[in-house]
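# Could you work out the structure for the sequence below:
(chains A and B)
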Amino acid sequence: MTPPVQLLDTLTRIEEEGLAAIESSGSLDELEAARIRYLGRSGGLTDVLRRLGQAPAAQRPVLGAAANEAKRRLQAALEERAVALKRAPSTTRPPADLTMPGRRACWGGVHPVTRVIDEICEIFRELGFSRVRGPEAETEWYNFEALNIPLEHPAADMWDTFYLADGVLLRSHTSPVQARIMETHDPPVRVVVPGMCYRRDPFDATHAPAFEQIEGLAVDEGIDFVEFRFTIEHFVHRFFGKHTRTRFRPAYFPFTEPSAEVDATCGSCGGDGCSTCKGTGWIEIMGSGMVHPAVFEAVGYDPERYTGYAFGMGPARIAMARYGIPDIRLFYEGDLRFLEQFR
Amino acid sequence: MRISVNWVRELAPGIEGSAEELADHLSMSAVAVDEVVPVGESIADIIVARVEETRPHPNADRLGLATITTGGPERIGIVAGAPVRAGGLYPYAPPGTTLPGGLEIGARKIRGEVSQGMLCSERELELGWDHSGILELPPDLRPGERLVERLGFPDHCFVLDLTPNRVDLAGHLGVARELAPGGTSGVALPSLGMGTEPRSPVWQDGESDAAASGARVVIEDLGRCSRFLGIVIRGVTVGPSPAWLAARLWAIGGRPINNVVDATNYVMHELNQPLHAYDLAMLAGSEIRVRAAEQGERLRTLDRENRTLAPDVTVIADRDRAVGLAGVMGGEDTEVSLETTDVFLECAVFDPLHTRRTARHTGLATDASYRFERGVDATGLEAAVTRCARLITALGGGEAEGSAIRAGHLPGERPVVALRPTRVQRVLGRWFERAELARILVPLGFEPPEGDVGGEADGDGERPLRLMVPGWRGDVTHEIDLIEEVARRHGYNAFGDEARAFRVSSVADDPAWSQADRVRRLMVGRGFQEVRSASFASEARAGPDAVTLRNPISSAESRLRTDLVSGLLDRLEYNLARGRRDVRLFEIGTVFRLRAAEGVPFEELRVAFVMAGRRELEHWSIEAADIDVWDLKGLVEDLGSELLGATVEPLGSRNEEELASARLEAAARWFDGEVFQFRKETRVAGLAGRIVAEAVDGPAGMAPSWAAEFRLADVVTGATSRYVPISPYPQVNRDLAAIFPLERTVAEIEGVIRDGAPPFLEAVRLFDLYEGDEIPAASRSLAWRFRFRAPDRTLTDEEVDAGMKAIMTALEEKADARIRSS
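Numbers count the residues shown, from 1 in each chain, chains lettered A, B, ... in the order given. This next block holds a predicted model:
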């Protein structure tokens, strides 16, 4: 049986050795080895504590307190050393050149035209419009006749159309969706319709044979030109900024009357006139108007009871004005040097 | 459409304001003015010169020498670059002047002969495009006069972006009505030197008598021509037009031809009624017939083209043959020339649709066809033909013969349209008093029928204002058309802008848009750039069952795409060709397929991506490896679970039929070797894999490209997740390595594991594959980490051991495993 005094000496020795080992640890690994050796499950201090039971009952409190104190000091030294070791600069390597490039992840991007579409839709969704869609391959009925466009009329020349079969075509605007929605839903109707349209235009700096359009339609009792103007001006302020001014000009679309072309003050020059707006100070942003009664008749709405407005805009054209893009073809080439500019 | 501002001012002397102000006014109230072009602004220095004599240039065949005079005694020597004739008048730029194009004129020697200034072409004066010769000026000018003054320049020309409904604005009178204070009451036709006493001809209606009127007119098909007026004028001296008339035509981009033709053009541009003059002597039988062309009938038109006609085409014929395209263009044989003395003048109403067909068949679009296609004023023919005949006799002498011919239908009554003030308010959101409505509309030519009093005191707003539509406004047929007139004349921007009551749309969002939003977020986060491309494809790219365009722009775009991958491969090549090595693109777009019965094709929205190059961005610390099959599979597994609720499995050959029913064979063409399919429930929802090497034209030694395509409609939106309680008890991990024959797939083995495992197996993860020396041939070592955890207790070692034992037994019995370690 080990005399108690001897046990106390052992305790002191273990503590001194342990502290020295901790102090001299040069790395976290060495420190961990010291911890296991002195504080581990089969380490020196644990061994002493285990043997405490063999000491005379009267001495146990003193010894116990001493052992716990030794353990606390060792642990404190351990933590202190660990912090110091972690903080210590590597002795083998010079400090890193932190101007070197970091390891970056590969990020993609949303197409600039999609960005514009999303932004436009978001503004109209806040106004209670839902996003709908319709087929790109359409019938003459929906693309023309239901929209009050007689087929063999100069008005039909406003859209040079791709044909797929007799009476079947690629829609030349998103407006056919107006008729489709009204046929299947009762008022109040408030929708925006993003989608691709097709026209037999040569592919040049300002024309694409396939391009995006966003259509809007609001129909109910009591919708008038004043509300139409409010909605469009609200949109222009939200999209182009609240200092942007709006003007409405007479226009002709067979499916709206009165029809209006909407201009917004040019964002590049603020309305003073520059090359973007061809010196006029204005940028044409949409065709619009009050829904023509003949369209209501074609879809089975009572034109005496319901009124409404409709509008259509080209997000690619808007993106060109917004980002200063000179050629519409850039949108459809898929050139990463172009697309990666829009983040 | 070009409109001369001076001309408009002459028709409506009350118009004030600069050309720009007038253009702005028109744009804001009627029709967009695209451009205001100055006319004759910079010809201030040009004077009229008469050529006294000409002789050849001694040193140059193509040049001539001319002596000219500008009215004084001085004789000036000129080297002329094109023929001139003695006695002719020409525009002369003296030394020290500047041409409109900026060319400074001096006295200079040309091939040894001194030219004191120059004689100019039409183009040099910016009066037209002709540069083939020196412009011979109208004979009523005098040498020494300043051209700009005699032509009434400077002028401005509006380039109008005419809409199909406002054909009336193609004529100067129409524009004058829009701009004149007081509208119709503020315009008057100038006398043009014809005297003030208009002599109305005696009209002979119906089947005309050649003896009384000098010609006979027969309309064979009233559907093609509802009305036809003609006048014979005999004894005309055809010659050049006077300066004022030439100036009018120059100002709108036209060219003077001769006094008779110029008179018809002048009246057309003034009154908006197309007219045509024939050389009567060339009309066989002095007869005019309007009829369908015969199949194969031939006609040489005024533009010197020989045309072969078909019954679609409406012609003007004489007794023997076609002499003109009705409403489109005259024929060469009956053209009015300097030899002509007797003229037959035509003014008619040709049917819009038939004019359109005639124009389309011949590929012509003329000033006349433009007007007939949109509808001319049937009530205005008499005035136009009379005015034109008088202008011709005023310019070229001669006399209108006996009676004038009037064949076809009489124009109908002017339609009356009712306008309810309450309806105006419902559409426009502003109340207009009846008197206010009348004040806006009457000046535009909308008049109350006799008996109705316009602008009376206000009464019941439902009681309509009844208005007769003027003949030139054939576009106004309904109340809404009048409401538009009210709105535009009041000024669109003079209306208020107020929010009205909010209404909840009865239409639900189409899920495609939120599905597309989800796809974009995920793909962008994974490093993909969105592209958008046209839906066209070449025959080769489109594959079988593609929809063919009837009128493609080019053969490379003659079909509609049947898959998205093919287009993405084009975009990939585009970037590779520009030196890019790492390319990740995705697209959301529509694909099309023929249906069994020809009609509206099948279409659906798809998502596709393509990737090529390295797994990670280049960095100095690593050598990034090329994308391999496991990058692809991991990505599509993520897409499968995150977007589609689909599993991903290798594609077996058994799936041809499934691919066809999923309409994915077109996309499948591009995959080769390592190919996967998305499986959603029992359907194939998409494809992914390695791209056939030959399909991508990239740099030599390029690593494979990878792609996928799936249906947007399969993207899951909405909440599909359910909460699973989280166990508070600890997990136990165990590893297991075993050797398997190569034919045992991991999917199969993991199936065996799951079947044999205890319910508290939480997860299995393959973490090692080894095929080294110690492993027998045709087999491989695979190692998994198992995670065990029970929801209700801490697992004991014994339980876990028993579970591992069960798994090992199952593997040995059902998967031919040889356990290496556990």
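# buried residues in the lowest-mean-pLDDT helix or strand in chain A?
Averaged element by element with mean pLDDT, DSSP states H and E, chain A has its least confident helix or strand at helix A:44-51 (a mean of 77). Along helix A:44-51, these residues count as buried under the neighbour rule (16 or more other Cβ atoms under 10 Å in any protein chain shown): A:44, A:45, A:46, A:48, A:49. From N, CA and C alone the C-beta is placed, and that goes for glycine too.
# Convert the C-alpha atoms of it to CSV, please.
As requested, C-alpha coordinates have been extracted for helix A:44-51 and formatted as CSV (Å, rounded to 0.1, in the frame of the first residue of the first chain):
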residue,chain,number,x,y,z
GLY,A,44,-1.0,9.6,-15.0
LEU,A,45,-3.5,11.9,-13.2
THR,A,46,-6.4,9.5,-13.9
ASP,A,47,-4.3,6.8,-12.3
VAL,A,48,-3.7,8.8,-9.2
LEU,A,49,-7.4,9.6,-8.9
ARG,A,50,-8.2,5.9,-9.3
ARG,A,51,-5.8,5.1,-6.4
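# Which strands or helices does it pack on?
helix A:4-24, helix A:28-39, helix A:60-87 (3 or more Cβ pairs under 8 Å, 6 or more residues apart in numbering or on different chains; DSSP states H and E).
# How about residues contacting it?
A:2, A:7, A:10-11, A:14-15, A:17-18, A:37-40, A:67, A:70-71, A:74 (Cβ atoms under 8 Å, 6 or more residues apart in numbering or on different chains).
# mean confidence score for the longest helix along chain B?
Within chain B, and with DSSP state H defining each element, the longest helix by residue count is helix B:797-814. Averaged across helix B:797-814, pLDDT comes to 94.
# Could you check how far that helix is from the centre of its chain?
Helix B:797-814 has its C-alpha centroid displaced from the chain centroid by 73 Å (Cα atoms, centre = their mean, to the nearest Å).
# swap in stretch B:141-148?
Averaged C-alpha coordinates place stretch B:141-148 at 45 Å from its chain's average position (Cα atoms, centre = their mean).
# So what touches that stretch?
Residues from elsewhere that reach stretch B:141-148 (Cβ under 8 Å, 6+ apart): B:40, B:43-44, B:46-50, B:69-72, B:89, B:91, B:125, B:137, B:150, B:153-154, B:243.
# Go through that stretch and flag the buried ones.
So stretch B:141-148, judged by 16+ other Cβ under 10 Å, has buried residues B:141, B:143, B:145, B:147, B:148.
# Now the last one: which helix or strand?
Read it as residue B:148. Under the criterion DSSP states H and E, the helix or strand holding residue B:148 is helix B:147-150.
# Can you say which of the helices and strands packed on helix A:44-51 is nearest to residue B:776?
Taking Cβ to Cβ as the measure, the helices and strands packed on helix A:44-51 were each checked against residue B:776, and helix A:28-39 came out nearest at 39.3 Å.
# quick check: angle from the closest one to helix A:4-24?
170 degrees (axes from the mean of the first three to the mean of the last three Cα atoms, to 10 degrees).
# CA atoms only: put helix A:28-39 into PDB for me.
What follows is helix A:28-39 as a C-alpha-only set of coordinates in PDB (Å, rounded to 0.1, in the frame of the first residue of the first chain):
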ATOM      1  CA  LEU A  28      -1.100  20.400 -31.700                       C
ATOM      2  CA  ASP A  29      -0.300  16.800 -32.200                       C
ATOM      3  CA  GLU A  30       2.400  16.800 -29.500                       C
ATOM      4  CA  LEU A  31       0.000  18.700 -27.300                       C
ATOM      5  CA  GLU A  32      -2.700  16.000 -27.800                       C
ATOM      6  CA  ALA A  33      -0.100  13.300 -27.000                       C
ATOM      7  CA  ALA A  34       0.700  15.100 -23.700                       C
ATOM      8  CA  ARG A  35      -3.000  15.400 -22.900                       C
ATOM      9  CA  ILE A  36      -3.500  11.700 -23.400                       C
ATOM     10  CA  ARG A  37      -0.400  10.900 -21.400                       C
ATOM     11  CA  TYR A  38      -1.200  13.000 -18.400                       C
ATOM     12  CA  LEU A  39      -5.000  13.500 -18.500                       C
END
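# first to last residue in stretch A:153-171, what's the distance?
For stretch A:153-171, the separation between the terminal residues is 17 Å (Cα to Cα, to the nearest Å).
# hmm, I was thinking of stretch B:64-84
End-to-end span of stretch B:64-84 (Cα to Cα): 8 Å.
# all strands of the stretch 501-650 of chain B, in order?
Using DSSP state E, counting those that start in this stretch, the strands assigned to the stretch 501-650 of chain B run over residues B:529-530, B:536-537, B:559-560, B:583-593, B:602-612, B:647-650.
# Can I get those strands in JSON lines including mean pLDDT, distance to residue A:193 and mean neighbour count?
What follows is the strands of the stretch 501-650 of chain B, written out as JSON lines (pLDDT from 0 to 100; distance: least, Cβ to Cβ, whole Å; neighbours: other Cβ atoms under 10 Å in any protein chain shown):
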{"stretch": "strand B:529-530", "mean pLDDT": "97", "distance to residue A:193": "20", "mean neighbour count": "24"}
{"stretch": "strand B:536-537", "mean pLDDT": "93", "distance to residue A:193": "22", "mean neighbour count": "24"}
{"stretch": "strand B:559-560", "mean pLDDT": "94", "distance to residue A:193": "20", "mean neighbour count": "25"}
{"stretch": "strand B:583-593", "mean pLDDT": "96", "distance to residue A:193": "14", "mean neighbour count": "24"}
{"stretch": "strand B:602-612", "mean pLDDT": "96", "distance to residue A:193": "14", "mean neighbour count": "23"}
{"stretch": "strand B:647-650", "mean pLDDT": "90", "distance to residue A:193": "34", "mean neighbour count": "16"}
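# For chain A, which of those strands is the nearest?
Shortest distance between chain A and these, using Cβ to the nearest Cβ, is found for strand B:529-530: 4.1 Å.
# follow-up on the earlier one: how about the helices and strands packed on helix A:44-51 in a markdown table, adding mean pLDDT and mean neighbour count?
Listed next are the helices and strands packed on helix A:44-51 as a markdown table, based on pLDDT from 0 to 100; neighbours: other Cβ atoms under 10 Å in any protein chain shown:
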| stretch | mean pLDDT | mean neighbour count |
| --- | --- | --- |
| helix A:4-24 | 81 | 16 |
| helix A:28-39 | 83 | 17 |
| helix A:60-87 | 83 | 15 |
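# Output these as CSV; include the columns distance to chain B.
Formatted as CSV, the helices and strands packed on helix A:44-51 follow (distance: least, Cβ to the nearest Cβ, whole Å):
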stretch, distance to chain B
helix A:4-24, 31
helix A:28-39, 22
helix A:60-87, 23
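# now those helices in CSV, with distance to residue B:100?
Rendered in CSV, the data for these read as follows (distance: least, Cβ to Cβ, whole Å):
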stretch, distance to residue B:100
helix A:4-24, 98
helix A:28-39, 88
helix A:60-87, 82
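# now for the ones you listed, which one comes closest to residue B:577?
Nearest of those to residue B:577, taken as Cβ to Cβ: helix A:60-87 at 51.5 Å.
# Show me what that closest one is packed up against.
For helix A:60-87, the helices and strands in contact under the criterion 3+ Cβ pairs under 8 Å, 6+ apart are helix A:4-24, helix A:28-39, helix A:44-51.
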